[in-house]
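K.L.:
What follows is a predicted protein model with its sequence.
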Number of protein chains: 2
Amino acid sequence: MTDTTKTVEERILDAAYMTFIENGYEGAKMRDIAARADINISMLHYYYRSKDNLFDIAFSRAFDSVYGNILKLLSEKNMSIKEKITAIVDEYITSLTANPLLPGFLVSEITKNDIRDREARQKFAPYRTMLFDAVVVLESQLKEETSKGNIRPVNLMEFLMDIESVCMYPFLNRGLWQRVFDVPDEVFNQMMRERKETFINNILKSLEV
Amino acid sequence: MTDTTKTVEERILDAAYMTFIENGYEGAKMRDIAARADINISMLHYYYRSKDNLFDIAFSRAFDSVYGNILKLLSEKNMSIKEKITAIVDEYITSLTANPLLPGFLVSEITKNDIRDREARQKFAPYRTMLFDAVVVLESQLKEETSKGNIRPVNLMEFLMDIESVCMYPFLNRGLWQRVFDVPDEVFNQMMRERKETFINNILKSLEV
DNA sequence: GTCTATAGCTGGATAGAC
DNA sequence: GTCTATCCAGCTATAGAC
């Protein structure tokens, strides 16, 4: 199953990425990554030095898969609020149906670092800064629309979390509910895609004066 | 800091519970639990045999903290839909503001078992059964109201996930957003309590014909 | 660059003295 | 019941031959 069109570095990184996503930092073992990349363990260290280093790269890729386009959309200055929300929800659902394990991975790794490691927490500071910078653009847009009386005043953090809640949560606890209701993956994804409109409408409705 | 009013068994269980909640199964170490209970490691094995066994008890307690009352409310036959939803959202917010780490713990442990361990998955079957049994009561209620024309038809799983999304998600990713917006815990909890009404109204609105 | 062998550590579990 | 000492498995990481 070894993809010979890829370099060893790429194969390792792909294997590491999947292994971390599926098992989290602690659950992922260097042995598993090596086996998946069809390579010797010592090669991992030769190319990437340490597990921590591999994790950082994988985390960054994961963060970017979920938030990369969202951040661009948030900080976009030539889109109306309505267009933005539509595009953001669309982007969430599209990327998450394609990568359903990412929400769980991101949330739990961020939370773990947040609770445990005061030092390691610094590592995540850049990601928070990126979010913050993108978010201020949306904030000024919301303020402007509010002062014009087009929408009612909302708390920015609550507003953003509302959007994320409906888009992300279903992917976080799908394991439980899909089994309770015996719903296969493909049906679940289809449900999510069909509900996009509903999500968008509900969010827009919450902004009405 | 040892609480001498509790038996050794209780002290161990409390220590194990907190350690698992904060660190997850893999992150929690028997040594940490022992230290927290102010006790020798071998005592853990003497009283509870294995880490797995301690985890099962802790998980069950955690599940019950979040879903115990929710399950009772769901299967309650003498409550209107509206009363039920109000009580359920109220219960979620109350229990989660009191135990903000539980959603992260439950979701990630359930997900991990769901992905990895085909055998261990059986362990969670009883919890799914409890949910299923409670949920059928709500389902028949919803069907009755729909046939009377009081509410519009909804998909049961989607409906339940909508409720959980708004109640649970904020606690799952609060680490990220509280730091982005520099919001302390107490302010965050207060926000959640104040938003209960909004959540309830939005859910009820989604049922209107 | 790649492999084998192994160092060095950590964590769960137990034997055995008291 | 409680403690010390220790076993053993599993993990990351590296030394060194090729």
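P.N.:
It's in. Note that the coordinates shown come from a computational prediction; the quantities given were computed from them, not determined experimentally.
K.L.:
what about stretch A:44-61 and chain B, touching?
P.N.:
No. No part of stretch A:44-61 sits near chain B under the criterion CB under 8 Å from any CB of the partner chain; the closest distance found is 13.0 Å. In short, each C-beta sits where N, CA and C put it, glycine included.
K.L.:
do the same with stretch A:71-81
P.N.:
No. Counting by CB under 8 Å from any CB, chain B has no neighbours in stretch A:71-81; the shortest distance is 11.7 Å.
K.L.:
Other residues contacting that stretch?
P.N.:
Contacts to stretch A:71-81, defined as CB atoms under 8 Å, 6 or more residues apart in numbering or on different chains, come from residues A:84, A:87-88, A:91, A:130-131, A:133-135, A:137-138, A:141-142, A:145, A:151, A:207.
K.L.:
again, but for stretch A:41-61
P.N.:
Under the criterion CB under 8 Å, 6+ apart, residues A:8-9, A:12-13, A:16-17, A:20-21, A:25, A:28, A:30-31, A:33-34, A:37, A:109, A:123 lie in contact with stretch A:41-61.
K.L.:
try 10 Å
P.N.:
Applying CB atoms under 10 Å, 6 or more residues apart in numbering or on different chains, the contact partners of stretch A:41-61 are A:7-9, A:11-21, A:24-25, A:28-31, A:33-35, A:37, A:39-40, A:68, A:102, A:105-106, A:109-110, A:113, A:120, A:123-124, A:126-127.
K.L.:
helices and strands of chain A: which one has the lowest mean pLDDT?
P.N.:
helix A:102-115 (a mean of 90; mean pLDDT, DSSP states H and E).
K.L.:
is any part of that helix close to chain B?
P.N.:
Yes. Helix A:102-115 lies in contact with chain B when judged by CB under 10 Å from any CB of the partner chain; the contacting residues are A:103-115.
K.L.:
Helix B:102-115 and that helix, what's the angle between them?
P.N.:
130 degrees (axes from the mean of the first three to the mean of the last three CA atoms, to 10 degrees).
K.L.:
Helix A:102-115: how far from the chain's middle?
P.N.:
What separates the centre of helix A:102-115 from the centre of its chain is 10 Å, taken as CA atoms, centre = their mean, to the nearest Å.
K.L.:
Identify each buried residue in the lengthiest helix in chain A, please.
P.N.:
Of all segments of type helix in chain A, defined using DSSP state H, the longest is helix A:51-75. For helix A:51-75, burial by neighbour count (16 or more other CB atoms under 10 Å in any protein chain shown) applies to A:51, A:54-55, A:58-59, A:61-63, A:65-67, A:69-71, A:73-74.
K.L.:
hang on, the earlier thing: is DNA strand C contacted by the least confident helix or strand of chain A?
P.N.:
No. Residues of helix A:102-115 contacting DNA strand C under CB under 7 Å from any atom of the strand: none, with a closest distance of 14.3 Å.
K.L.:
helix or strand right after that helix?
P.N.:
Taking DSSP states H and E as the definition, the helix or strand that follows helix A:102-115 towards the C-terminus is helix A:125-147.
K.L.:
So that next one, near chain B or not?
P.N.:
Yes. Using CB under 10 Å from any CB, a contact is recorded between helix A:125-147 and chain B, made by A:125, A:127, A:128, A:129, A:130, A:131, A:132, A:134, A:135.
K.L.:
Same list (these) but as JSON lines, adding neighbour count and pLDDT.
P.N.:
Putting these into JSON lines (neighbours: other CB atoms under 10 Å in any protein chain shown; pLDDT from 0 to 100) gives the following:
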{"residue": "A:125", "neighbour count": "10", "pLDDT": "87"}
{"residue": "A:127", "neighbour count": "20", "pLDDT": "91"}
{"residue": "A:128", "neighbour count": "18", "pLDDT": "89"}
{"residue": "A:129", "neighbour count": "11", "pLDDT": "92"}
{"residue": "A:130", "neighbour count": "18", "pLDDT": "92"}
{"residue": "A:131", "neighbour count": "21", "pLDDT": "94"}
{"residue": "A:132", "neighbour count": "13", "pLDDT": "94"}
{"residue": "A:134", "neighbour count": "19", "pLDDT": "95"}
{"residue": "A:135", "neighbour count": "19", "pLDDT": "96"}
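K.L.:
is it possible to export the residues you listed to CSV including distance to DNA strand D?
P.N.:
Formatted as CSV, the residues of helix A:125-147 next to chain B follow (distance: CB to the nearest atom of the strand, whole Å):
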residue, distance to DNA strand D
A:125, 22
A:127, 22
A:128, 25
A:129, 27
A:130, 27
A:131, 29
A:132, 31
A:134, 33
A:135, 35
